[in-house]
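Undergrad: structure for the following, please:
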Amino acid sequence: MRKIIGIGETVLDIVFDSANHPVSGKPGGSVYNALISLGRKNVPCEFISEVGDDRVGEIICNFLRDNGVGTGGVYVHPDSKSPLALAFLDENKNAQYSFYKDYKSQKLHIVRPHINPEDIVIFGSYFALNPVLRNEVYEFLRYAKDNGAILYYDVNFRSSHSHEVEDLMPTLVENFQLADVVKGSDEDFRNMFAQNDWRAVYEDRIAPYCTTFICTEGAKGATVITPEGEVHVDGQKITPVSTIGAGDSFNAGTVYGLWKKDIKRSDIANASQLAQAMKFGVEFATEVCQSLDNYIAKR
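TA: Numbers count the residues shown, from 1 in each chain. Just a heads-up that it's a prediction; the model follows:
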């Protein structure tokens, strides 16, 4: 059976409202959030990451297991603290972040799961660019690619790293080359290239390396572009409670659609089929935006 493998950071998310009052605290991380949603849909999935040897690390790992996500690839750093992410919501329920990480060792220890052709690997965010972790991350992604997995890359580029774009560009290009699907938001590309025209970003920066591209535009929905065409999926009109998990949930839903509809590597250029998968992405993101959770509810 096909499975989903995610590799990414783990944090404890502490959310503050617009008056700076803490309103929730939950395990998180971009790929982590996506896998929790997938586990709740009973999709076979595993997570590769690292946590500290502390109470927060226990919470993070137990939450994965409680939601059906395998933790064999989660390395526990001895004598270290797990990272925290503080999310501050504005009046429009959009978040700005501060991250705190206290690992004494920054070397990523990866236990490689067995990967079969057509398994799906999710990766992204700064975790996939971090120079300290890059060698280990690249070796795993190369291993997954060589074994026939579909690689889904969420750029998820925050404004706090905008000043690093030039230095990170070779790694970004390397990720584009590895990926079968590149997904980003219009905000990601403004942060990366100070560019509002995401189609121009695709044509100039991404298409030379990966031709299957998904761009999300918040409430407007999402568009997929491949050499075979372009299809838009509308968003749903809601009053959001928090947008923190929106992108992660879109990823979870879209990957769920790839898995549920048995979309294979040979289908990746079919924009219409990918749009059918993306409808699950919009559905997942819409649900999550109406709560303070970063993942869909348990059914």
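Undergrad: list the buried ones in stretch 188-202?
TA: Of the residues in stretch 188-202, those buried under the neighbour-count criterion (16 or more other Cβ atoms under 10 Å) are 188-193, 198, 201-202. Yep, even glycine has a C-beta here, placed from its N, CA and C like the rest.
Undergrad: revised request: answer the last question for stretch 215-227.
TA: 215-216, 218-219, 221-226.
Undergrad: what about the stretch 1-150 of the chain, any weak spots by pLDDT?
TA: Confidence mapping of the stretch 1-150 of the chain against pLDDT under 70 gives the ranges 102-107.
Undergrad: change it to 80
TA: Low-confidence regions of the stretch 1-150 of the chain, defined here as pLDDT under 80, cover residues 93, 95, 101-108.
Undergrad: and the helices in it?
TA: When secondary structure is read from DSSP state H, counting those that start in this stretch, the stretch 1-150 of the chain shows helices at 30-40, 55-66, 134-146.
Undergrad: hey, which of those helices is tucked in deepest?
TA: With neighbours taken as mean count of other Cβ atoms under 10 Å, those reach their highest mean count in helix 30-40, at a mean of 27.
Undergrad: ok so, going back, residue 276: which of the helices of the stretch 1-150 of the chain is closest?
TA: Closest to residue 276 of the helices of the stretch 1-150 of the chain is helix 30-40 (Cβ to Cβ; 17.4 Å).
Undergrad: for the nearest residue to residue 148 once chain neighbours are set aside, the count of nearby residues, please.
TA: By the measure of Cβ to Cβ, 6 or more residues apart in numbering, the closest residue to residue 148 outside its immediate chain neighbours is residue 117, 3.1 Å from it. Summarising burial for residue 117: neighbours were counted as other Cβ atoms under 10 Å, giving 11.
Undergrad: now do the same contact list for residue 117.
TA: 147-149, 265 (Cβ atoms under 8 Å, 6 or more residues apart in numbering).
Undergrad: out of the residues you listed, who's the most crowded?
TA: So for these (other Cβ under 10 Å), the most neighbours sit at residue 149, 23 neighbours.
Undergrad: I figured that one hits residue 114, correct?
TA: No - with contacts defined as Cβ atoms under 8 Å, residue 149 does not count as touching residue 114, sitting 10.9 Å away.
Undergrad: could you say what helices and strands the helix or strand where residue 173 lies packs with?
TA: When secondary structure is defined by DSSP states H and E, residue 173 falls within helix 165-178. Judged by 3 or more Cβ pairs under 8 Å, 6 or more residues apart in numbering; DSSP states H and E, the packing partners of helix 165-178 are helix 134-146, strand 150-154, helix 186-193.
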